[in-house]
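Peer 1: Below is the structure, and that's it, no one-letter string:
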Ligand code: PRT
Ligand code: ZN
């Protein structure tokens, strides 16, 4: 039987979220703390636990068919892999930062300076696109301490909350790239594996779509239903059922999390009452 081989990070920021994504797709896998690979339950999937930096190479070589890794690593490694889709977690950005006390007037001031980074390829591309020539100092960890020990004038590092930069006396001045976890695949998978990948992507989409939506139930006077239906188009159109109370209906629909509070406010203004909002586990359109 064909098995899809998936590479995920063995231990780090992506590990737990990768395993949780699989679980929400109905696929049980163990964590990789004590092993190199494991077979999943309920799906023909074998999981390889690797360092995140190695995942693009393994997927390009076909040792793994697919992988979950940060977009930043995919771009930096420049391996022949296909990005199947963004996964919506481990969001961060790769940014340039300088000493807090320096004034910043634009990327041109980095010309001739030393910039420490673990992402020399991406940084080099960025500087070239800006026409700035600087010296790139490649280091593999603790990039943020480079200016204070005199190793570099600036850094180009992953930022999430910004607190690491701040505690090291640095300030973020440019976003070089935005990143999140992505699903990558070996180009031109054989059709049986491509078929399994399609099934997995179908499940991931159902889970991720559900996460971005809420199920909403409310009561409203019948003369407000046109306006309320306009505010809650749902997946097709809302379900409207009469209440026992004369002249009132119950409306059920699906709404987007992004515009949640604006929609709720508009519904209240339109006359909705008894609004209930509940999470959706899976959403198939
Ligand atoms: O051991 P292995 O090589 O597998 O792991 P790793 O140490 O190289 O990677 P890991 O686990 O740190 O990160 C894996 C991926 O998570 C990265 O490639 C990014 O795509 C993503 N990610 C999301 C982050 C962060 N957020 C993040 N905050 N990666 C790193 N950081 C670090 C950053 O380097 C800096 O030191 O966290 C610090 C900044 O965080 P803030 O919140 O203080 O700004
Ligand atoms: Zn790494």
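Peer 2: Happy to help now that I have it. Nothing here was measured: the structure is a model prediction, and the numbers come from that model. Ligands and ions are numbered 1, 2, ... in the order given.
Peer 1: Any idea how many residues pack against residue 56?
Peer 2: Counted by other Cβ atoms under 10 Å, the residues lying close to residue 56 total 23. Just so you know, the C-beta spots here come from the backbone N, C-alpha and C atoms, and that holds for glycine as well.
Peer 1: Helix or strand: which one has it?
Peer 2: Per DSSP states H and E, residue 56 falls inside helix 55-61.
Peer 1: which residues are in contact with that helix?
Peer 2: By Cβ atoms under 8 Å, 6 or more residues apart in numbering, the residues outside helix 55-61 that reach it are 7-9, 48, 50, 64-69, 73-74, 77, 79-81, 184-186.
Peer 1: How about the residues of the stretch 101-250 of the chain by ligand 2?
Peer 2: Residues of the stretch 101-250 of the chain lying near ligand 2 by Cβ under 5 Å from the ion: none.
Peer 1: For the stretch 101-250 of the chain, which segments count as helices?
Peer 2: Using DSSP state H, counting those that start in this stretch, the helices of the stretch 101-250 of the chain run over residues 120-130, 163-167, 191-211, 225-231.
Peer 1: closest one to residue 138 among the ones you listed?
Peer 2: Residue 138 lies closest to helix 120-130 among those, at 4.7 Å (Cβ to Cβ).
Peer 1: which parts of the closest one are buried?
Peer 2: Judged by neighbour count (16 or more other Cβ atoms under 10 Å), helix 120-130 contains these buried residues: 120, 122, 123, 125, 126, 127, 130.
Peer 1: Phi, psi for residue 281 please.
Peer 2: With angles defined as degrees, to the nearest 10, residue 281 sits at phi -90, psi -50.
Peer 1: returning to what we had before: just the buried subset of the contacts of helix 55-61, please.
Peer 2: Buried, going by 16+ other Cβ under 10 Å: 7-9, 48, 50, 64-69, 73-74, 77, 81, 184-186, out of the contacts of helix 55-61.
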